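# Fold the following, please.
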Amino acid sequence: MKSSTAEILDPDPPIALAGDAPAAWRVPLVFSSPHSGSVYTSAFQASSRLDPVSLRRSEDAFVDALFARGAEAAGAPLLSALFPRAYVDVNREPWELDPAMFDGPLPDFVNTRSPRVGGGLGTLARVVANGTDIYRGKLTFPEARRRVETLYAPYHAALADLLARGLARFGRVALIDCHSMPSVGGPMDRDPGKRRADFVLGDCHGRACAPALIDAAEKHLRDAGYAVARNEPYAGGYITRHYGQPAAGQHALQIEINRGLYMDEARIARAAGFDKLRDALTALTAALASIAPTLPGPTA
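I've put the predicted structure just below:
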C-alpha cells in the first residue's frame, strides 16, 4: 500500500509531465490526468503552512494509475502531470490568480475575478480542497510566471499536440479527462455535506462531446453496478471546456471518480477497492475505445 508521504524531487521545478503516444496508437482516444501529480519539491513544502498529508488534499491521488492499464491495453496515450495541483493547476485558465496571494499588483491580463479565484482555487491555489490556506507568506508574480511557463504551458502543449495528432490520424479524437472527488461534498463545494455518486460524468451540459460518448460511458458504468450522475456537481473544468470542440471532430469527457471507491481519504493511501476499480476502469476504457471510432468527425 502506497504511503501518504509526498515524493520530494529537487531541484525546483519538478518534471512537468509524463506520457506520449504509444508505438501502436490504435484508437482515437487520449487520456489526461492533470491532478494526480505527487512530486512536491522541498522548496514548495517549506513555503507551505501545511503538513504533507494536508497539502495533498487537492490531489487526485492515484488516478493516473487507475487508468494506465486500460489506456495501455486499448493502445491510447495517457498524459499525466507529475507536479501537484496545489503547486499549479493546469485545469484552469493560464492566468487565474488571486491578488491577495501576491506581494504586489498583478498585470492587467490576469483574471482576478473568476469563480475559481473567488474560491481560492485559481491557477495557483490559495487553499487546499477543504479551504485551508496553503502558504505562510505572499508570493511574487515572477514566481507565478515561472510556474506557468515551466509547468502549465508544457502540459497544455503536450496535450494539444496529442489531440492534433489523434485527429490527423483517425479523423476524430476523444479526450477523457480523468479526476477524482471527495466522497462527500466539502465546505467550498456546491454540495456541502452531500454523499456523492460513484461517478460524475461531465460534458459541459452537452457542449463538449457528442452524446454517444457520454451515453456509452454512463451505460457501461450503470451496467457494472455503479451510481452515475451527469454534470452535477462537476460539469467539466477548463480542459473539458477548452478542448471539447465536437464540430471540429474533437470531443472531451470529464470523469470524476468517488475516492471512497479506492482510497483511504484521511491517509491518502490506496484501499482494498483499488484493484477492483482499476479493473472496472480498464473495462470502461475498452468500451470507450469501441465507441470512439464512430464519433462524428469535423463538420463542413
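# which stretches of the stretch 101-250 of the chain aren't confidently modelled?
In the predicted model of the stretch 101-250 of the chain, no residue satisfies pLDDT under 70.
# can you map out the helices along it?
115-118, 141-147, 153-170, 211-223, 238-243 (DSSP state H, counting those that start in this stretch).
# Would you indicate which residues of the fourth one are buried?
The neighbour-count criterion (16 or more other Cβ atoms under 10 Å) identifies 213-214, 216-218, 220-221 as the buried residues of helix 211-223. Backbone N, C-alpha and C define where each C-beta goes, glycine included.
# Likewise for the shortest one?
By neighbour count with 16+ other Cβ under 10 Å, helix 115-118 contains the buried residues 116-117.
# which residues sit against it?
If you take Cβ atoms under 8 Å, 6 or more residues apart in numbering as the criterion, helix 115-118 is touched by 92, 96-98, 111, 122.
# from those residues, which is closest to Arg259?
Relative to Arg259, the closest of the contacts of helix 115-118 is Arg92; by Cβ to Cβ it sits at 21.0 Å.
# ok, the closest one to Leu66 distance?
Distance of Arg92 to Leu66, computed by Cβ to Cβ, to the nearest Å: 23 Å.
# and what of Asp264?
With Cβ to Cβ as the criterion, Asp264 and Leu66 are 15 Å apart.
# Quick check on these two: which one has the bigger neighbour count.
Legend: neighbour count by other Cβ atoms under 10 Å for Asp264 and Leu66, higher for Leu66 (27 against 15).
# So which residue is dead centre in this structure?
Of all residues in the chain, the one closest to the mean position by Cα atoms, centre = their mean is Pro34, 3.7 Å from it.
# wouldn't that residue be in contact with Ala81 here?
Yes. In this structure, Pro34 is within contact of Ala81 by Cβ atoms under 8 Å, at 5.2 Å.
# so which of the helices of the stretch 101-250 of the chain gets nearest Asn258?
Proximity to Asn258 (Cβ to Cβ) singles out helix 211-223 among those, at 11.4 Å.
# who's in contact with the closest one?
For helix 211-223, contacts defined as Cβ under 8 Å, 6+ apart pick out 174, 198-199, 201, 203, 228, 230, 251, 253, 255, 280, 283-284, 287-288, 290-292, 294-295.
# Kindly recompute the last result at 10 Å.
174-176, 197-199, 201-203, 206, 208-210, 226-231, 244, 246, 251-255, 280-281, 283-288, 290-292, 294-296 (Cβ atoms under 10 Å, 6 or more residues apart in numbering).
# Now for Pro34 and Ala81: what residues contact both?
17, 60, 64, 89-91, 152, 155.
# Between which two of these is the distance greatest?
Pairwise over the shared contacts of Pro34 and Ala81, using Cβ to Cβ, the maximum falls at Asp64 and Tyr152, 17.8 Å.
# any chance of the shared contacts of Pro34 and Ala81 in TSV, with neighbour count and secondary structure too?
Below are those laid out as TSV (neighbours: other Cβ atoms under 10 Å; DSSP: H, G, I helix; E, B strand; the rest coil):
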residue	neighbour count	secondary structure
Leu17	22	strand
Asp60	25	coil
Asp64	25	helix
Asp89	25	coil
Val90	26	coil
Asn91	24	coil
Tyr152	24	helix
Tyr155	24	helix
